[in-house]
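1. The following comprises the amino acid sequence and a computationally predicted model.
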Amino acid sequence: MKKFMEPRSVALIGISSEIRRGSLNLLGNLLQIGFPGKIFPVNPKIQKLLDQKVYPDIYAIPEDIDLAVIMTPRQIVPTVLEQCTKRGIDSVLIITQGFAEADGEGNALQSRISELIKKTGVRVLGPNSIGIINHFVPFSTYFISIKKEESPIAFVSQSGGFLEGFPQFKIGKGIDLGNTCDIDFCEALTYFEDDPQIKVIGLYMEGIKNGDKFIKTAGRVARKKLILILKPGKSDQGVNAIISHSGSLAGEEATYEAVFKQAGLIRIRNVEEFGDISKAYLNLPLIRGNHIGVITPTGGGGVLVADASQEYGFSLRDLSEGNRKPIKELFPPWQQVNNPLDIMSATWVHGYKNVYTKTLETLVKDTTLDAIFCVLGEPTLKTVGEIARRYPTRPIISWVIGQSTDLAREIASAVCYPSPERAFRSLAALLEHNAFIMKTSEGRDAFLTDRKSVEEILERAKKQNEKILTIEAFSILSAYGIPIAPFKIAKTKSQAVEVAEELKYPVALKVYSPEILHKSQINGVRVGIRSSNELNFHYEDMITGVLNRAPNMRIEGVIVQKLITEGVEVILGVKRDLQFGPVIVFGWGGVFTEVLKDFSCGIPPITSEDADRMISSTKVSKVLEGFQSNLPSDRSFLKECILRISQLVSEFPGIVELDINPIKVLSKGGLVIDARMVVDLNYY
């Protein structure tokens, strides 16, 4: 990547002879910004351009070349690329458009480029890439003249227009990946990983090819740099048809969200958030917790700050008597001196700046507070900036109210925002980043399992050409230490009665057919059966009803299962994603899974901390804690189930979908009630 970002020599192949103002001539821009390396323009139709010698072809250049930039018509790009490889150039940027993003001919041309990459080992950025911006060299392949900004922010994008930067932030280094036929996010992140000039990395991602490599690379780099990612396209259009609830829930958007969380990337919704969070990260000391002290000249402002703080997971801790004492004399006897600290009444007597300074310093010295939030008008930023400089280890953040005078831009030590929501969103992102850094790269021994039994089940499934497994799914889960509610299969009504008496009433009755995926949808489940008379009735009624709805369905009997009345119903499942492999799904189970859509995802290998996050990020986690005097559910059992499923699908990649719905989590342990599995028989 150094040859792309910091070339000592560059060949501009297909450079335009047009040099008038606004002609977007790359040679003119390189000369204007003062690129210190050697430039070799290539165009067989001209001999000189902007006082630079122009070469007829790449072979005519007498010196070594670090980077070739191709700007020729698309039809000859593969030929020019091949010439570069023969000339010994191993780093090539293709700016030309009209490849895989265009039409069939463009696809074919890009395929030829990919073949050359595999054949020769040349590294290619693009095609359809604006290329590189590096203000620190300086070097740029951008067609537009850009003001030099040595910003500690890098940006890697699949859209070249973003490399120019935004009003909220400037970019010091940028890479446009274009069509990513070769160099992708992983190479870009690796380059910036140990770059001392870059502290924040922004990503604009429309898609990714090598998901597993991306997770590993991004997770490693995120421990050293703050990575903010903007990914548009939150719809699930184009997702392949799926069979299970898990597959339905873990669509493209949910999968990417899980990937970003596990890799330590902060998902942002817009470039405004990128600027806000970057500002906080680059200018605030480390924030260690979520306890906030608030100082405000307006009671209403304090209320709005309190609301916003709660929305983003922060709390306003009451001031201790010891911390109230130094400033209590500033306030009238009738006023309660607490957090938020409304100072207006005190300022009428003791002066605005004096009161603001004393109260702010008091809050800053309170070590039980993790950050101080100031509500103020712009003139007070000078006071806040002075205190921030005196206490460089204490995070102080401000919400500016009133009319703007642009004073904020002049006071680097004052980190301020136009709303409390934007301020707390930024602080929350910093806490999320810190939590990821503190997360241990946990290595744990694998669970002892019966892999041989699973292999035998999958071999039988292949011989019988059965890709959808139901009863076999129970056996596979049992082999991996996940307990199943007691059950047996009955071929006849009389056998069903015998099994029910053996299991002890109450029982549940379920139609058994490899062709039925969701039994409840065709009224193929009956619960709460408490006697043989009830069982006889429900057996006849259920089988008749199922055959009426699906007359060609092959029914092989019924499943009689011990009825588990207590416990919280959750879903635990798997969907295999084309880019990222298996995706673990956890959420609210039972018949309301699709309606409530309360779920989270994780990417194996799942750690104990990942499993905790998956559980805690759902609403059903509150129910698991104990709801309306119910006993808390066994969270450790649930975590272990998630970890065991992670191991199962990692060791058996042919499992493409899995639904355990529901699994009942009890106060101690739990039991699987129903499960189905989809396997790719080509693996076995």
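-> Received it, and whenever you're ready, just let me know what you need. Numbers count the residues shown, from 1 in each chain.
2. drop to CA atoms for contacts and neighbour counts, all remaining ones
-> Noted.
3. Below-threshold pLDDT in the stretch 301-450 of the chain: ranges please.
-> Within the stretch 301-450 of the chain, the ranges that satisfy pLDDT under 70 run 404-413, 441-444.
4. Which parts of it are helices?
-> Here the stretch 301-450 of the chain has its helices, by DSSP state H, counting those that start in this stretch, at 321-328, 344-350, 352-365, 381-390, 420-438.
5. Could you dump those into a markdown table and include distance to Lys213 and mean neighbour count?
-> As requested, those are exported to a markdown table (distance: least, CA to CA, whole Å; neighbours: other CA atoms under 10 Å):
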| stretch | distance to Lys213 | mean neighbour count |
| --- | --- | --- |
| helix 321-328 | 51 | 14 |
| helix 344-350 | 56 | 15 |
| helix 352-365 | 44 | 18 |
| helix 381-390 | 41 | 18 |
| helix 420-438 | 19 | 20 |
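6. okay, which residue is most central for this structure?
-> The residue lying closest to the centre of the chain (CA atoms, centre = their mean) is Phe260, at 2.0 Å.
7. What separation do you get for that one and Thr217?
-> 12 Å (CA to CA, to the nearest Å).
8. ok, Asp257 - contacts?
-> One thing to correct before we go on: residue 257 is Glu, not Asp. By CA atoms under 8 Å, 6 or more residues apart in numbering, the contact list for Glu257 reads Arg267, Cys601.
9. which phi and psi does it have?
-> Phi and psi for Glu257, reported as degrees, to the nearest 10, are phi -60, psi -40.
10. Next one: it from Met614, what distance?
-> To Met614, Glu257 is 12 Å away according to CA to CA.
11. Please report how far the residue nearest to the centre of the chain lies from Ala254.
-> 10 Å.
12. With Asn552 instead?
-> Computed as CA to CA, the Asn552 to Ala254 distance reads 36 Å.
13. These two: which has the busier surroundings?
-> Ala254 (19 against 10; other CA atoms under 10 Å).
14. Now the helix or strand that contains Gln110: buried residues?
-> Assigned by DSSP states H and E, Gln110 belongs to helix 104-120. Neighbour-count burial for helix 104-120, counted by 16 or more other CA atoms under 10 Å, picks out Gly106, Leu109, Gln110, Ser111, Ile113, Ser114, Leu116, Ile117.
15. Confirm that Ser646 sits in a strand.
-> No. Counting by DSSP: H, G, I helix; E, B strand; the rest coil, Ser646 falls outside a strand, being helix.
16. Begin at 259 from now on, thanks
-> OK, 259 is where the count begins now, so the last one is Ser904.
17. SS state for the nearest residue to it once chain neighbours are set aside?
-> Closest residue to Ser904 apart from its sequence neighbours, by CA to CA, 6 or more residues apart in numbering: Pro862 at 5.5 Å. Put simply, Pro862 is coil when judged by three-state DSSP.
18. what's the burial count for Pro862?
-> Applying other CA under 10 Å, I find that Pro862 has 21 neighbouring residues.
19. Look up how far Asn437 lies from Ala358.
-> In terms of CA to CA, Ala358 sits 7 Å off from Asn437.
20. coming back round to it: format the helices of the stretch 559-708 of the chain as JSON lines; extra columns: distance to Ser771.
-> Shown next, in JSON lines, are the helices of the stretch 559-708 of the chain (distance: least, CA to CA, whole Å):
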{"stretch": "helix 579-586", "distance to Ser771": "70"}
{"stretch": "helix 602-608", "distance to Ser771": "74"}
{"stretch": "helix 610-623", "distance to Ser771": "68"}
{"stretch": "helix 639-648", "distance to Ser771": "70"}
{"stretch": "helix 678-696", "distance to Ser771": "46"}
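21. How many neighbouring residues does Thr438 have?
-> Neighbour count of Thr438, defined by other CA under 10 Å: 19.
22. Now do the nearest residue to it once chain neighbours are set aside against Ser417, distance only.
-> Nearest residue to Thr438, sequence neighbours excluded (CA to CA, 6+ apart): Gly384, at 5.5 Å. Distance, Gly384 to Ser417, by CA to CA: 11 Å.
23. Repeat that for Lys611.
-> Noted for Lys611: a distance of 48 Å to Ser417, by CA to CA.
24. For the closest residue to Asn528 other than its chain neighbours, give the beta-bridge partners.
-> Closest residue to Asn528 apart from its sequence neighbours, by CA to CA, 6+ apart: Leu488 at 6.7 Å. According to DSSP bridges, the residues that bridge with Leu488 are Tyr462, Ile526.
25. so what's Leu488 up against?
-> Contacts for Leu488 (CA under 8 Å, 6+ apart) come out as Gly460, Leu461, Tyr462, Met463, Arg525, Ile526, Arg527, Asn528, Val529.
26. From Glu407, how far off is the nearest residue to the fifth one once chain neighbours are set aside?
-> So that's Arg525. Leaving out its chain neighbours, the residue that sits closest to Arg525 by CA to CA, 6+ apart is Ile487, at 5.1 Å. Taking CA to CA as the measure, Ile487 falls 22 Å from Glu407.
27. more crowded one of these two?
-> The residue with more neighbours, out of Ile487 and Glu407, is Ile487; 23 against 16, by other CA under 10 Å.
28. I'd guessed that one sits against Gly460; true?
-> Yes. The pair Ile487 / Gly460 is scored as a contact, 5.8 Å apart, by CA atoms under 8 Å.
29. Gly384 and Ser417: who's more crowded?
-> Applying other CA under 10 Å to Gly384 and Ser417 shows that Gly384 carries more neighbours, namely 26 against 18.
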